[in-house]
Every structure is written in structure tokens, then in C-alpha cells.
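Chemist: This is a predicted model, with the sequence first.
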Amino acid sequence: MRSLNKDGLVPIGKIIGAHGIKGEVKVFPYGELEDFELKTVLVSAKEAVKSFTVKRVRKHKDFYILELEGVSVRNDAEALIGAEVRVPKDDLPELDEDEYYYMDLVGMDVMTDEGKYLGSITNVIATGSNDVLEVDGPFGSVLIPALDNIIIEVDAVGRKVTVRLMEGLLPGETEQ
């Protein structure tokens, strides 16, 4: 999921097209949507934000098809193409103790287990096999695999992630 907006809404995807003739929309998700039930979504296009009750959701290939109440013809669905789909943060499912939403990690400081400051997390990249933390700081942009043997601790309250770096991960370091 992307970062939390200042209005307390979390972007979960973008409308990329219309599906069929009955007003359904194709949504490209910013993350997995299978773990929670979409009841109401806010669609923001340009400066307007409109709330829609979700009548039905189904996954199709790499995107989701949503049937929104009040959108019953293809032209109405096409008018929403390019709009971002958001939900209130409170609607997101609860996570297990060792799980975090991407938006919760962005902005956290990253330190090595030796006390070296690497910067702050600017992005989390989903690669399929494992996530990668993008950290910007004194070493430039550093990509850190989010693996159990590398991420030692995530302190959500202190907004800090402690990592054990693999040799050669920082710019200017070389493996021996």
C-alpha cells in the first residue's frame, strides 16, 4: 500500500479501465487486496472525491474488477479511468505482530546493528520474492532486501529499523 494521505485515506489502487458494458471498473492494486473486504471506496479524480459502495469485487489476472453502486454503464466507468481508489486507514485489516504496511515503514530511520545511520525509508518495492526497502541517506540510495536475516528489528513506536548489512551492499564497499 502506498503512503497514508493527510486526510487519513490510504490509496489502494488506480482505475485503469472499464470492464464490459455494465459499468464495472478495472483497478490496478498497489498491493494485495485479498485479505480485506471492500465495502466503501473513495475515488479521487482531479480535485473531486466521491464515495462509492462496492457491490462486488473479483480478481482478474493482475487487477481487480469492481462493481460500484451508481456506476451502471460503460461511459460512467470510463469517466473514472485514471482515478485513485482509496479507503479509510481504519478499514485496513489488522496485521500480525511482525507485519507492516508499506505506508507504515516509509519515513522510518534505518540503522545498522553497528550503529551506522543509513537514512530513511522512501519506498518499499515488491519484487515478488521479497520486498526491498529503498533508503535515502548519507550513502545515497541504498536498496536493502527485507529478509529475516537482514532486518533485525522494526521499532514501530520509535520509527526505526535495525538491519544487519550484507558485505558490499553500501556504495563504495567491495566484497573481499
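Modeler: Nice, I can see it.

Chemist: how is the chain carved up into domains?
Modeler: Here the domain assignment for the chain is 9-91, 102-163, based on automatic domain parsing.

Chemist: distance between the ends of the last one?
Modeler: So that's domain 102-163. Domain 102-163 stretches 17 Å from its first residue to its last (CA to CA, to the nearest Å).

Chemist: One more: stretch 132-144?
Modeler: Using CA to CA, the end-to-end distance of stretch 132-144 comes to 5 Å.

Chemist: re earlier: kindly present the domains of the chain as JSON lines, with separate columns for mean pLDDT and mean neighbour count.
Modeler: Using the backbone N, CA and C atoms, a C-beta is placed for each residue, glycine as well. Shown next, in JSON lines, are these (pLDDT from 0 to 100; neighbours: other CB atoms under 10 Å):
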{"stretch": "domain 9-91", "mean pLDDT": "89", "mean neighbour count": "16"}
{"stretch": "domain 102-163", "mean pLDDT": "92", "mean neighbour count": "15"}
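
Chemist: Serialize the ones you listed to CSV and add fields for distance to Leu170.
Modeler: Converted to CSV, these look like this (distance: least, CB to CB, whole Å):
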stretch, distance to Leu170
domain 9-91, 28
domain 102-163, 5
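
Chemist: between those, which gets nearest to Leu169?
Modeler: domain 102-163 (6.9 Å; CB to CB).

Chemist: who's in contact with the longest strand belonging to the chain?
Modeler: Scanning the chain for the longest strand, with DSSP state E as the assignment, gives strand 48-60. Strand 48-60 is contacted by residues 19, 26, 33-34, 38-44, 64-71 when judged by CB atoms under 8 Å, 6 or more residues apart in numbering.

Chemist: quick one: strands adjacent to that strand?
Modeler: Sheet pairing of strand 48-60 (DSSP bridges) gives strand 40-45 (antiparallel), strand 63-68 (antiparallel).

Chemist: What ranges does this protein have for its strands?
Modeler: Ranges of strands in the chain, per DSSP E, are 9-19, 24-29, 40-45, 48-60, 63-68, 84-88, 109-112, 117-126, 131-137, 140-145, 151-155, 160-163.

Chemist: okay if I get the ones you listed as CSV plus distance to Tyr100?
Modeler: CSV is the format used below for the strands of the chain (distance: least, CB to CB, whole Å):
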stretch, distance to Tyr100
strand 9-19, 13
strand 24-29, 18
strand 40-45, 23
strand 48-60, 23
strand 63-68, 23
strand 84-88, 17
strand 109-112, 14
strand 117-126, 9
strand 131-137, 10
strand 140-145, 14
strand 151-155, 6
strand 160-163, 10
